[in-house]
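Q: Output the structure for:
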Amino acid sequence: MPARLARFIAVATLTAVLTLPLAAAAQPHKPTHPAPAVVQEPHPQIMAAIRALEAARLHLERAAHDFGGHRVKAIRAIDVALVQLKLALKYDKE
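A: Below you'll find the model as predicted:
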């Protein structure tokens, strides 16, 4: 009987040791610092378009060829579009 009791105590102890971290992880905890508020851009689509146009302009500037003679005109069109988008954002803030 003592061997059976010792085995029971060993299994119970091992079970407790292995399940305590799981029980502690399941407990909700309060963060020490509140999560920062997520600031949403007022016009995410316009900002995404600006970033995409700027990336396209950079690509065109660094390109090894002239895209059938359209590179310069495309860069000018991008510049015009960027000006208009930035003016639209500026107008929205006024």
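
Q: can you map out the helices along the chain?
A: Remark: helices assigned in the chain by DSSP state H are 2-26, 44-62, 71-93.

Q: Name the residues that touch the last one?
A: Applying CB atoms under 8 Å, 6 or more residues apart in numbering, the external contacts of helix 71-93 come out as 42-43, 46-47, 49-50, 53-54, 56-57, 60-61, 63, 65-67. Every residue, glycine included, has its C-beta placed from N, CA and C.

Q: Would you single out the least confident of the helices of the chain?
A: Least confident of the helices of the chain, judged by mean pLDDT, is helix 2-26 with a mean of 64.

Q: Next, residue 35: phi, psi?
A: phi -70, psi 140 (degrees, to the nearest 10).

Q: Look up phi and psi at residue 67.
A: phi 50, psi 50.

Q: any idea how far it lies from residue 38?
A: Residue 67 sits 39 Å away from residue 38, going by CB to CB, to the nearest Å.

Q: burial count for residue 57?
A: 18 (other CB atoms under 10 Å).

Q: and it, what does it touch?
A: 75, 78-79, 82.

Q: Swap in 10 Å and give it another go.
A: Listed by CB atoms under 10 Å, 6 or more residues apart in numbering, the contact partners of residue 57 are 74-79, 81-82.

Q: ok, now how distant is it from residue 44?
A: 20 Å.

Q: Of residue 67 and residue 38, which one has the most company?
A: For residue 67 and residue 38, the more surrounded residue by other CB under 10 Å is residue 67, and the numbers stand at 11 against 5.

Q: My guess is the more buried one contacts residue 60. True?
A: Yes - between residue 67 and residue 60 a contact is recorded at 7.4 Å, counting by CB atoms under 10 Å.

Q: so how many other residues sit close to residue 92?
A: 10.

Q: cool, and residue 77?
A: Around residue 77 there are 13 other residues, counting by other CB under 10 Å.

Q: next one: residue 47
A: 13.

Q: Same question for the one 3 residues further on.
A: Here the neighbour count serves as a burial measure; for residue 50 (other CB under 10 Å) it reads 16.
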